[in-house]
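A.B. asks: okay, predicted coordinates and the sequence, questions at the end:
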Amino acid sequence: MTKQGLVGVLAAFVVAVGVLWGVILANDWTPELGLDLQGGVSLNLEPAPGQEIDDEVLDQTVEVLRERIDALGVAEPDIARQGETVRVEIPGAADQQEAEEVVQETAILQVRPVLEEIPPGAPDYEDVGPSCDELDAQRAEGPPPDDEEVVLCQGEQVAEAPLDAEGEIEDPADEEVPPDQRSKFRLGRVVVDGGALDGARAQVDQTTGQWATALEFDAEGEGIFREFTGELACEQGDTRRIGIVLDGVVENAPPVAQEVECGQGIADGGQISTAGEDEARDLELVLRTGALPIQLELETSQQISPTLGTESLQAGLLAGAIGLALVGVYLVTLYRGIGLAAVMELLVFGLLVLGAITVLGQTIGYTLTLAGVAGVIVSIGIAADSSIIYRERYRDEIRRGRTIRTAAETAFSRAFRTNLTGNTVSFIGAVVLWFFAVGPVQGFAFALGLSTLIDTVLFGTFTRSVFGLVANNRKLARSPWVGLRADTFISQPVVATADRGKS
């Protein structure tokens with residue numbers, strides 16, 4: 001390639017790298033770090049016993065969990081199946097309990113008419129249905145049947161105040177109910193379920209001043225709810241109340257307000273009282289993203305400390321820096337000035353890898369894990385090997401009697417074929433590893449494959465241009481400090497030739 005061609009390739013490469021890092025710096029992007037580098041929560045969930053499980057149900061469960069965690073604003077959570085176990089890793093999650101509640105909430109919503117409330121201490125309390133402890137145990141088997149009357153227990157909070165014409169609770173009568181004082185409710189068949197839910201909204205009740213999650217039904221559900229509450233408005237006592245059931249627990253049972261006329265009904269779907277803002281927003285999230293098709297039980301839960309993640313990242317970066325420094329010393333010692341150029345190539349390689357990881361993290365959600373850092377460190381050796389192959393090929397050409405300029409061009413052609421062959425094998429290995437591995441090994445394979453592609457592009461552009469321009473500069477080429485002349489080689493076999501060229 002001519003000198004002008006080399007300058008053009010180098011200029012285009014520099015512009016491309018400048019644009020890449022310009023975008024990164026302008027948007028203040030940073031790499032997305034995985035669980036082992038920034039800390040977070042790791043959960044293993046398994047289906048509760050007694051449920052019908054198949055691949056379709058498990059795949060749907062994974063998708064619902066992914067939507068929920070995405071709604072939390074978590075960057076690239078790792079959610080995957082391992083047999084019937086679902087592994088959930090949430091990088092950056094600081095609240096382990098909240099993470100457990102969000103992923104375990106089945107979120108099956110039912111609206112039923114209240115037929116009777118049996119408070120603790122009532123003469124027939126023990127005789128009506130199972131105990132609350134038994135009912136809690138039955139929840140793992142699935143939601144209560146839609147088309148039957150059921151007996152369920154209240155949750156931690158139940159609204160006793162009436163709903164007005166707008167569906168709001170009239171006065172602040174909510175309070176936490178001790179576990180041993182939970183009322184039982186005899187409820188009618190399901191009138192509206194979560195399938196008619198159009199949305200949910202965490203809000204502060206303007207009357208009570210407490211946080212709640214308001215229910216919003218679609219057009220069909222709204223019509224059914226209006227007709228249902230219109231019928232309840234004709235009743236008195238317990239039968240005027242709306243039972244809002246979530247996962248087999250009566251979360252609210254507000255009566256329709258007295259000013260609502262018989263047959264008039266309420267358009268809004270009411271609301272579920274909560275213990276505070278966090279609970280209201282979590283409930284909004286699980287209702288908006290839909291119900292889980294199965295009940296999940298927590299098998300293991302682990303909080304990964306951010307400090308441990310930071311230490312892991314620092315250790316990985318230190319290992320990479322030490323490796324790069326040792327390779328640099330070796331290259332400069334062996335090749336002098338062109339060895340220093342090889343060190344510069346490695347630094348540019350590092351910039352490109354870091355830039356690519358950062359952009360992929362912001363665009364497709366790629367997260368860098370400790371295994372990925374290991375893949376990048378291994379790739380430093382691949383990049384260094386490419387530089388060494390080029391320089392050794394160049395020395396071979398000089399020993400054959402070629403001029404510096406011709407030797408540089410011929411050496412590149414031969415070294416590039418070798419580089420391309422070796423990198424192709426490495427890339428295929430990384431792809432195979434990616435498809436057949438799981439978890440951290442996939443992170444290693446992705447980082448290795450990405451780095452291999454970058455090395456190939458770097459070798460064909462930056463490495464070739466820098467080496468070629470040095471070889472085309474007569475003053476630099478003749479300098480003993482650059483290391484292009486045969487008499488500067490550390491190892492120099494005697495080659496008998498009649499046509500040894502001069503630079």
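C.D. replies: Thanks, I have the structure now.
A.B. asks: mind listing the helices for the stretch 301-450 of the chain?
C.D. replies: For the stretch 301-450 of the chain, applying DSSP state H, counting those that start in this stretch gives helices covering 306-335, 337-363, 370-399, 404-436, 440-458.
A.B. asks: hang on, Gly361 packs against Glu32?
C.D. replies: Yes. Between Gly361 and Glu32 there is a contact at 3.5 Å, judged by Cβ atoms under 8 Å. To be clear about C-beta, it is placed using only N, CA and C from the backbone, and glycine gets the same treatment.
A.B. asks: which helix or which strand is home to Asp70?
C.D. replies: Element membership for Asp70 (DSSP states H and E) is helix 55-71.
A.B. asks: from the contact counts, what lies against that helix?
C.D. replies: In terms of contacts (3 or more Cβ pairs under 8 Å, 6 or more residues apart in numbering; DSSP states H and E), helix 55-71 is packed against strand 78-82, strand 85-91, helix 96-104, helix 277-289.
A.B. asks: now the longest one: buried residues?
C.D. replies: The one in question is helix 277-289. Across helix 277-289, burial judged by 16 or more other Cβ atoms under 10 Å covers Glu279, Ala280, Arg281, Asp282, Leu283, Glu284, Leu285, Val286, Leu287, Arg288, Thr289.
A.B. asks: next one: the third one
C.D. replies: Judged by neighbour count (16+ other Cβ under 10 Å), helix 96-104 contains these buried residues: Gln96, Glu98, Ala99, Glu100, Val102, Val103, Gln104.
A.B. asks: try the first one
C.D. replies: The neighbour-count criterion (16+ other Cβ under 10 Å) identifies Asp78, Ile79 as the buried residues of strand 78-82.
A.B. asks: contacts for that strand?
C.D. replies: Residues from elsewhere that reach strand 78-82 (Cβ atoms under 8 Å, 6 or more residues apart in numbering): 34-35, 58-59, 62, 65-66, 69, 86-89, 91, 367, 438-439.
A.B. asks: now restrict those to buried residues only.
C.D. replies: Neighbour counting by 16+ other Cβ under 10 Å classes 34-35, 58, 62, 65-66, 69, 86-89, 91, 367 among those as buried.
A.B. asks: which one of those residues sits closest to Ala374?
C.D. replies: Gly34 (12.3 Å; Cβ to Cβ).
A.B. asks: phi and psi next, for the nearest residue to the closest one once chain neighbours are set aside.
C.D. replies: By the measure of Cβ to Cβ, 6 or more residues apart in numbering, the closest residue to Gly34 outside its immediate chain neighbours is Thr369, 3.6 Å from it. Backbone geometry at Thr369, expressed as degrees, to the nearest 10, gives phi -110, psi 170.
A.B. asks: residue contacts, Thr369?
C.D. replies: Neighbouring residues of Thr369 by Cβ under 8 Å, 6+ apart: Leu33, Gly34, Leu35, Asp36, Leu37, Pro440, Gly443.
A.B. asks: check which helix or strand covers Glu216.
C.D. replies: Per DSSP H and E: Glu216 is located in strand 211-217.
A.B. asks: lowest-pLDDT helix or strand in this structure?
C.D. replies: Least confident helix or strand, the chain: strand 271-273 with a mean of 67, by mean pLDDT, DSSP states H and E.
A.B. asks: might you list the low-confidence residue ranges for the stretch 1-150 of the chain?
C.D. replies: For the stretch 1-150 of the chain, the stretches flagged by pLDDT under 70 are 71-76, 93-95, 140.
A.B. asks: my read: Thr229 touches Glu261, true?
C.D. replies: No. The pair Thr229 / Glu261 is not scored as a contact, 11.0 Å apart, by Cβ under 8 Å.
A.B. asks: okay, these two: which has more neighbours?
C.D. replies: The residue with more neighbours, out of Thr229 and Glu261, is Thr229; 28 against 11, by other Cβ atoms under 10 Å.
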